[in-house]
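*Asks:* take a look and give me a structure for this.
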Amino acid sequence: MAIIYKYPYDIVVQDKDAWIGTEASNKQTKQYTAEAIADYLNKKGKVSVAGQLAYRFNDEPYETTGSFALPEGSGDDSLFLDITKIIIYNRDIANQYVVPYINYLVGEEILISSQKNVSSFGHYKIGSFIQNDEFPNYYILDLIHIGSNGVLNIDNIYDIVNFTFGVEGENSVDTIDTTDGNYINLTPTGESIGDVVISADLSAIDGNSNFETKFLTKDNKWATISQQESGSIILTNGVDLDGETTFTVDVTSLIRTGILAKNCKAEVVTEVGRQTVYTSVTGNGSDSLIFKFAPVVSDGVYRAIITTI
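*Replies:* The predicted model follows:
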């Protein structure tokens, strides 16, 4: 056998290249391929990457250390898209205790990706991380799906890492929670993440399901659209008393039912020449305006022009 340093160097390592080594169980000399060594390092988590946890996907929960599984078991070829919850052991396959680290990531985003296929992954937000009462070494990890591709396969090794896309600025938003207002309908309602488009529509209906004569004010209250109405009448049937003549005009008869005297203004003019006359005008509390003249005046001399305000 030649002295080792006399052998040529091979700087292009391939999967089937091999090293000579000793098997620990029986001290026999054997060959170990580059592919087998790489697989061992990955499966046993011997290569440390900050924040990276390696787990085997198992077909049954609560059975194997360093594993995760679906709550209902099985799950081979399950779409990452459909995963909302996993049961995970408190130590990964490298025997690292992960509970404080995953607790720290609650509310943050993670990527679960296959070591064998970079295009097989699930991107999630952690909703909660709760210890199982019956099996205290296992935890229930609630996941909110963000994006994914591919499926989970039994016995494959998956890396779990904290993962977020780069954002611009310190005040960027990664989640939004909207609710409808009194007169505003928002879509969507409830917590949403990812590429969210928010639309807002006026719910232009008041408590009586009527929107024909209403509008929404800036203080979020319904108001009636102003529609000025008016009418005029010659003052007759005056009542003389104590040196005064009083005329009463029913505004509901003159304009329409529902009009209140307090919501009207009046101008009194002479029937001849149309000159404005300044006299006392008051409402009687409901539907009539009271016009008083002093000294007394005759019927048919003045006209009242009444307008809603």
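
*Asks:* hmm, Tyr32 and Ala18 touching each other?
*Replies:* Yes - contact criterion Cβ atoms under 8 Å: Ala18 and Tyr32 qualify, at 6.2 Å. The C-beta positions use only the backbone N, C-alpha and C, and glycine is treated the same way.

*Asks:* distance between the ends of stretch 233-242?
*Replies:* Terminal residues of stretch 233-242 are spaced 25 Å apart (Cα to Cα, to the nearest Å).

*Asks:* tell me, how many residues neighbour the residue nearest to Gly283 when sequence neighbours are not counted?
*Replies:* Excluding its sequence neighbours, the residue lying closest to Gly283 (Cβ to Cβ, 6 or more residues apart in numbering) is Ala261, at 3.3 Å. Using other Cβ atoms under 10 Å, Ala261 is surrounded by 21 other residues.

*Asks:* state the distance from Ala261 to Ile309.
*Replies:* 11 Å (Cβ to Cβ, to the nearest Å).

*Asks:* kindly report the same for Asp250.
*Replies:* Using Cβ to Cβ, we find Asp250 at a distance of 18 Å from Ile309.

*Asks:* same check, this time on Ser67
*Replies:* The gap separating Ser67 from Ile309 is 78 Å, by Cβ to Cβ.

*Asks:* from Ser128, how far off is Tyr139?
*Replies:* Distance from Tyr139 to Ser128, by Cβ to Cβ: 10 Å.

*Asks:* ok, back up a step: which one of Asp250 and Ile309 is surrounded by more residues?
*Replies:* The neighbour comparison of Asp250 against Ile309 (other Cβ under 10 Å) goes to Asp250, with 15 against 8.

*Asks:* thought that one was touching Gly283?
*Replies:* No - judged on Cβ under 8 Å, Asp250 makes no contact with Gly283 at a distance of 11.5 Å.

*Asks:* shared neighbours, the two?
*Replies:* Common contacts of Asp250 and Gly283 (Cβ atoms under 8 Å, 6 or more residues apart in numbering): none found.

*Asks:* so if I had to pick from Tyr139 and Ser128, which one is more boxed in?
*Replies:* Tyr139 (21 against 12).

*Asks:* most centrally placed residue in the protein?
*Replies:* Using Cα atoms, centre = their mean, the residue of the chain that lies closest to the mean C-alpha position is Asp177, 2.6 Å off.

*Asks:* got the contact list for Ile37?
*Replies:* Trp19.

*Asks:* name the SS class of it, please.
*Replies:* Secondary structure assignment for Ile37 (DSSP: H, G, I helix; E, B strand; the rest coil): helix.

*Asks:* for Ile160, which non-adjacent residue is closest in space?
*Replies:* Nearest residue to Ile160, sequence neighbours excluded (Cβ to Cβ, 6+ apart): Leu53, at 4.4 Å.

*Asks:* mean confidence score for the strand or helix carrying that neighbour?
*Replies:* According to DSSP states H and E, Leu53 maps onto strand 52-57. Strand 52-57 comes out with an average pLDDT of 92.

*Asks:* next, the contact list for Lys116, please.
*Replies:* For Lys116, the contact set (Cβ under 8 Å, 6+ apart) comprises 156-157.

*Asks:* correct me if wrong: Ile259 contacts Thr308.
*Replies:* Yes - counting by Cβ under 8 Å, Ile259 touches Thr308, with 6.3 Å between them.

*Asks:* overlap in contacts, these two.
*Replies:* Common neighbours of Ile259 and Thr308, counting by Cβ under 8 Å, 6+ apart, are Glu229.

*Asks:* domain-wise, how is this protein divided?
*Replies:* 52-162, 176-211, 230-308 (automatic domain parsing).

*Asks:* looking at the ones you listed, which is nearest to Ile11?
*Replies:* domain 52-162 (25.1 Å; Cβ to Cβ).

*Asks:* distance between the ends of that closest one?
*Replies:* Distance between the two ends of domain 52-162: 8 Å, counting by Cα to Cα.

*Asks:* ok, back up a step: roughly how far apart are the residue nearest to Ile160 and Phe165?
*Replies:* Distance of Leu53 to Phe165, computed by Cβ to Cβ: 20 Å.

*Asks:* more crowded one of those two?
*Replies:* Leu53 (24 against 10).

*Asks:* show me the contacts for that one.
*Replies:* 45, 92, 96, 98, 101, 159-161.

*Asks:* run through the bridge partners of His145.
*Replies:* Residues in a beta bridge with His145, per DSSP bridges, are Tyr124.

*Asks:* run a quick neighbour tally on it.
*Replies:* A total of 17 residues lie near His145 under the criterion other Cβ under 10 Å.
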